[in-house]
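Asker: Predicted coordinates and the sequence they were generated for:
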Amino acid sequence: MSRQRAAAAPEDASLDGGWDRRIRKGSIEAERTVDLHGHTQDEAYAALAGALERAWRDDVRTLLVITGKTRPAGEDGRPRGVIAANFSRWAATPALRPFIAAIRPAHPRHGGSGAWYVILRRKR
């Protein structure tokens with residue numbers, strides 16, 4: 001694996017044309033799903049890390065991660081959609097990046113802007 005490819009952020013990582021075509025059409029089927037919506041940031045990160053590790057260990061290639069949508073702050077001033085806002089940053093962390101080949105926003109039929117497809121690396 002080249003250093004440039006390894007250093008690329010997961011949302012910028014390249015996939016072959018077949019993957020991206022299936023993602024655009026919404027014909028990709030996730031083998032597993034993890035729902036982070038409604039968790040605290042710490043709980044969501046821990047759930048994501050655990051789901052990624054289990055999926056990679058079980059040779060899963062596609063994981064659908066439901067983050068919820070980003071939204072403006074509520075009337076109480078508290079930020080909303082923090083998990084969605086942090087997801088791509090979490091995917092790029094040294095603890096999670098080794099499991100991830102790429103991430104892409106989900107097709108509307110799979111959650112649209114409130115979800116992501118995670119394409120996991122193959123074991124070598």
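Answerer: Perfect, thanks for sending it.
Asker: Can you pull out the low-pLDDT segments for the protein?
Answerer: For the chain, the stretches flagged by pLDDT under 70 are 1-14, 72-74, 77-80.
Asker: Longest helix in it, please.
Answerer: Once the chain is assigned using DSSP state H, the helix that runs over the most residues is helix 41-57.
Asker: other SSEs contacting that helix?
Answerer: Applying 3 or more C-beta pairs under 8 Å, 6 or more residues apart in numbering; DSSP states H and E, one finds that helix 41-57 contacts strand 32-35, strand 62-66, helix 82-91, strand 115-120. For every residue, glycine as well, the C-beta is placed using N, CA and C.
Asker: Return the set of buried residues in the third one.
Answerer: Of the residues in helix 82-91, those buried by neighbour count under the rule 16 or more other C-beta atoms under 10 Å are 82-88, 90-91.
Asker: re the thing from before, who's in contact with the longest helix of the chain?
Answerer: Contact partners of helix 41-57, identified using C-beta atoms under 8 Å, 6 or more residues apart in numbering, comprise 31-32, 34, 36, 39, 63, 65, 67, 82-83, 86-87, 90, 95-96, 99-100, 118, 120-121, 123.
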